[in-house]
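A.B. asks: Next comes the sequence, and after it the predicted model I'd like to discuss.
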Amino acid sequence: MILFPNAKINLGLDIISKRPDGYHNIETVMYPVPWTDVLDIVPAKGEESTLTVSGRKVDCPTEKNLVMKAYRALSERVSLPPVDIYLRKIIPDGAGLGGGSADASFTLRGLNELFALGLSDDELAETAAGLGADCPFFIYNKPMLCTGIGTEFAPVDVNLKGYSIVIVKPAVSVPTAQAYSRVVPAFPDRRISEIIKDSPAEWQGEMKNDFEASVFPLHPAVADIKTKLIDMGAIYASMSGSGSAVYGLFRGDILSEGLTEVFGNCDIFTGAL
């Protein structure tokens with residue numbers, strides 16, 4: 001069974017308050033985008049499950065990979081035969097794009113279908129929640145308003161069909177802890193849940209990512225990407241999550257030719273939404 005786990009972007013990200021438990025309350029809209037890994041799940045040739053990773057180097061032992069954690073988590077819920085899993089990594093890590101979370105959740109979805117387990121999305125999301133905060137989003141894989149500590153999801157009415165996206169991931173990666181260490185939580189003047197109802201052409205200057213204030217001074221190259229995307233004509237540009245990937249939304253199609261000259265040695269994705 002071949003699946004294509006996709007990335008996500010954050011449309012706005014407000015860090016509203018710090019909780020007594022040390023976590024932060026946030027509000028953001030997660031939106032699926034068509035930058036994908038490739039995941040193949042087949043019945044195992046041997047008696048044990050295996051994971052083979054190709055493509056981008058993943059600095060993670062096999063047993064700690066979220067894909068294998070997903071298999072083990074589901075096998076604790078239902079009886080699963082061993083499988084061989086082949087993962088080709090294309091989505092960059094350390095980007096705020098949720099690639100690892102997508103791989104885990106698509107593993108759950110794939111196992112559910114391959115073995116006709118009959119589990120609902122809500123049941124799969126419950127298992128996914130134990131793997132990571134973003135994982136349940138990729139079970140539903142549609143625009144979601146995300147609140148609380150990033151684990152509460154509700155469908156949101158936003159459609160970017162007809163727009164194109166450019167995502168640029170520089171060589172730098174931003175540890176989430178580093179991004180959080182410099183933020184100043186504050187209740188926004190206007191909630192993302194309201195701004196998202198406006199036309200995307202009205203988002204710039206209204207809908208922000210609070211992590212930019214902490215990441216941009218430490219990594220000017222990330223800030224420079226956002227400026228360049230706006231100069232290219234993006235109607236809205238923002239860092240995704242805690243970075244370091246930055247995306248721009250454009251009306252209609254945009255050619256990928258010439259982007260390497262603008263952004264140098266960065267990972268670049270272009271596509272229609």
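C.D. replies: Nice, I can see it.

A.B. asks: Okay, helices next: where are they in the stretch 51-200 of the chain?
C.D. replies: Taking DSSP state H, counting those that start in this stretch to define them, one finds helices in the stretch 51-200 of the chain at 66-75, 99-114, 121-129, 135-140, 176-181, 192-195.

A.B. asks: out of these, which comes closest to residue 268?
C.D. replies: Among those, the nearest to residue 268 by Cβ to Cβ is helix 99-114 (15.3 Å). (Glycine included, C-beta is placed from N, CA and C.)

A.B. asks: residues of the closest one that come out buried?
C.D. replies: 99-112, 114 (16 or more other Cβ atoms under 10 Å).

A.B. asks: roughly how far is that helix from the heart of the chain?
C.D. replies: Offset of helix 99-114 from its chain centre (Cα atoms, centre = their mean, to the nearest Å): 14 Å.

A.B. asks: can you count the residues close to residue 18?
C.D. replies: Counted with other Cβ atoms under 10 Å, the neighbours of residue 18 add up to 14.

A.B. asks: and if you look at residue 155?
C.D. replies: Counted with other Cβ under 10 Å, residue 155 comes out at 10.

A.B. asks: Could you tell me the least trusted of the helices of the stretch 51-200 of the chain?
C.D. replies: Lowest mean pLDDT of the helices of the stretch 51-200 of the chain: helix 176-181, a mean of 84.

A.B. asks: Name whatever forms a beta bridge with residue 272.
C.D. replies: With DSSP bridges as the criterion, residue 272 is bridged to residue 164.

A.B. asks: Please name the residues that touch it.
C.D. replies: 34, 163-165, 253 (Cβ atoms under 8 Å, 6 or more residues apart in numbering).

A.B. asks: Then residue 162?
C.D. replies: Counted by Cβ under 8 Å, 6+ apart, residue 162 has contacts 251-252, 273.

A.B. asks: ok, back up a step: using pLDDT, spot the least trustworthy of the contacts of residue 272.
C.D. replies: residue 253 (85).

A.B. asks: Now do it against residue 112, distance only.
C.D. replies: 36 Å (Cβ to Cβ, to the nearest Å).

A.B. asks: Strands of the stretch 1-150 of the chain, residue ranges please.
C.D. replies: Along the stretch 1-150 of the chain, the stretches classed as strands by DSSP state E, counting those that start in this stretch are 2-3, 6-18, 24-36, 38-43, 50-55, 83-89, 144-147.

A.B. asks: mind checking pLDDT for residue 263?
C.D. replies: 95.

A.B. asks: do residue 133 as well
C.D. replies: Residue 133 is assigned a predicted lDDT (pLDDT) of 88.

A.B. asks: Got phi/psi on residue 269?
C.D. replies: phi -130, psi 140 (degrees, to the nearest 10).

A.B. asks: State the distance from it to residue 256.
C.D. replies: Distance from residue 269 to residue 256, by Cβ to Cβ: 9 Å.

A.B. asks: So residue 68 is in contact with residue 52, correct?
C.D. replies: No. Residue 68 is beyond contact range of residue 52, at 11.3 Å (criterion: Cβ atoms under 8 Å).

A.B. asks: what do those two both touch?
C.D. replies: residue 85.

A.B. asks: Neighbour count: these two, which is higher?
C.D. replies: Set residue 68 next to residue 52 and count neighbours by other Cβ under 10 Å: residue 68 wins out with 20 against 11.

A.B. asks: How about the more buried one, nearest residue that isn't a chain neighbour?
C.D. replies: Leaving aside its chain neighbours, residue 68 sits nearest to residue 51 (5.4 Å; criterion: Cβ to Cβ, 6 or more residues apart in numbering).

A.B. asks: quick one, what contacts that neighbour?
C.D. replies: Contact analysis of residue 51 by Cβ under 8 Å, 6+ apart lists 62, 65, 67-68, 85-87.
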